[in-house]
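J.: What shape does this take:
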Amino acid sequence: MTLLPRRLIRLAALLALVAGCAASNSPGWLGQASDVAPGVRFYRSNDATLLEPAGPVAVHLLRLDPRLVRLSSVLSRDEILGAETVGDMAVRHGAVAAINGGFFNVATGEPVGLLKVARRLVSDTGTAKGAVVIRSPAEAITELVFDQVSVRMTLAFEADGRGWTMPIGGVDTTRARGRLMLYTPEYHEHTDTAANGVEWVLTGDPLVVTEVRHDVGQTPIPGSGAVLSFGGLDLPEALAALQPGVAVRLETEWRAVHGTTADAFEAADHIVQGAGLLRRAGRAPGGWTDVEALKPESFIDVRHPRTLVGLDRDGFIWLGAIDGRRPDHSLGMTFAELERLGDRLGLTDSLNLDGGGSTTMVVRGQVVNRPSDATGARAVSDALLVTLR
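T.: Below is the predicted model of the structure:
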């Protein structure tokens with residue numbers, strides 16, 4: 001038997017160590033990986049140098065293989081009204097992991113901003129903010145696209161020998177006086193409106209007005225249709241012409257800052273809007289103050305608990321929950337520090353989601369971070385779920 005020189009043995013051992021580190025894809029600052037399920041790895045980091053100046057921080061990360069998992073948005077209790085914890089949503093849908101999603105009205109549970117769930121637009125916005133577009137078919141790779149986007153809907157129909165249009169002031173949200181709102185089956189079993197308004201029941205394909213209700217409220221929403229609701233009894237001319245038997249069109253106008261096409265938004269299974277597009281196609285897109293109307297002094301440059309979704313240069317999806325508002329445990333992160341984290345992970349695209357007391361990560365039914373709310377995990381409007389193919 002030929003014995004290798006000691007120098008070659010040391011070299012072989014060194015190469016094996018390097019290969020092992022590369023295979024684990026876990027640099028020292030990221031800590032030891034934990035395999036949750038096929039295609040799902042969990043990491044924790046308390047590396048103080050992620051902050052500038054350095055300080056206590058607790059980062060919880062999931063790395064997802066888009067070939068093996070699906071990513072989807074779900075509503076609390078499967079409807080708009082009300083709220084539910086991320087953990088309860090994850091358990092109810094059989095998810096292996098989950099994080100909280102978009103911003104919402106804490107009083108009502110209604111999403112604030114753009115939200116598309118299971119191919120249906122359930123919340124709109126006129127302000128272009130960062131959003132993640134998700135295509136996650138049952139038998140193909142999960143794909144993410146990031147942009148700054150707004151969306152509005154318009155009612156269009158023909159009646160009395162002419163064409164009419166009317167802007168829709170909001171989708172699945174509290175009715176405002178003098179505005180036309182749209183309520184989908186995802187909102188609730190009824191419109192949850194008071195009297196002193198007019199509501200039109202829409203059913204069929206194409207949609208047709210089947211009933212007009214004056215000064216009643218709480219109109220039942222058909223599962224295969226929708227309800228239009230106007231705040232007030234003094235109707236504009238266009239809505240006065242909207243009578244039973246009239247066919248209507250609900251037209252959607254998408255506006256994207258970075259060129260994502262309307263077809264891509266229409267084809268998306270889910271769209272979740274955050275606040276702060278951090279990276280897009282390897283670049284910092286900017287526009288946080290002028291496009292997204294975010295405030296540096298209270299949001300961008302202040303450390304808060306943060307929730308993150310991103311895509312790295314190798315095609316892996318990352319979900320992150322950064323604890324904050326606990327000086328002895330974790331200070332949270334500014335946008336600049338989120339970008340530093342993204343750089344270490346090699347993220348080409350990343351988005352800041354709802355944070356603060358909402359920041360929650362659930363793995364195998366357990367909350368793995370320390371939410372900043374005194375009561376623990378907050379009930380939220382929607383969540384991003386990870387399920388296995």
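J.: got a list of contacts for stretch 189-209?
T.: Outside stretch 189-209, the residues that touch it by Cβ atoms under 8 Å, 6 or more residues apart in numbering are 81, 175, 183, 210-222, 224-233, 235, 239, 242-250. The way it works is simple: take the backbone N, C-alpha and C, and place the C-beta from them, glycine included.
J.: One more: stretch 166-186?
T.: 75, 78-80, 108, 110-111, 117, 120-124, 152-155, 187, 191, 193, 197, 219, 221-232, 236, 238-239, 250.
J.: Could I have the buried ones of the contacts of stretch 189-209 as PyMOL selection syntax?
T.: Those of the contacts of stretch 189-209 that count as buried under 16 or more other Cβ atoms under 10 Å are selected in PyMOL with:
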select buried, resi 81+175+183+213+217+219+221+225+226+227+228+229+230+231+239+242+246+248+250
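J.: Mind checking which of the contacts of stretch 189-209 are in helices?
T.: Residues from the contacts of stretch 189-209 lying in helices, with DSSP state H as the criterion: residue 239.
J.: Among the contacts of stretch 189-209, which lie within strands?
T.: 183, 210-214, 226-231, 248-250 (DSSP state E).
J.: Show me the domain layout of this protein.
T.: 26-137+257-388, 153-252 (automatic domain parsing).
J.: gap between the shortest one and the chain center?
T.: Centre-to-centre, domain 153-252 and its host chain are 27 Å apart (Cα atoms, centre = their mean, to the nearest Å).
J.: for stretch 380-389, same thing?
T.: So, by Cα atoms, centre = their mean, the centroid of stretch 380-389 is 10 Å from its chain's centroid.
J.: quick one: average confidence on that stretch?
T.: The average pLDDT within stretch 380-389 is 97.
J.: buried stuff in that stretch?
T.: Buried residues in stretch 380-389, counting neighbours by 16+ other Cβ under 10 Å, are found at 380, 381, 382, 383, 384, 385, 386, 387, 389.
J.: Which residues does stretch 367-374 contact?
T.: 42, 58, 60, 86-87, 305, 321, 323-326, 329-330, 356-362, 376-378.
J.: wait, is residue 336 part of a strand?
T.: No. Counting by DSSP: H, G, I helix; E, B strand; the rest coil, one finds residue 336 to be helix, located in no strand.
J.: which residues does it contact?
T.: Counting by Cβ under 8 Å, 6+ apart, residue 336 has contacts 52, 301.
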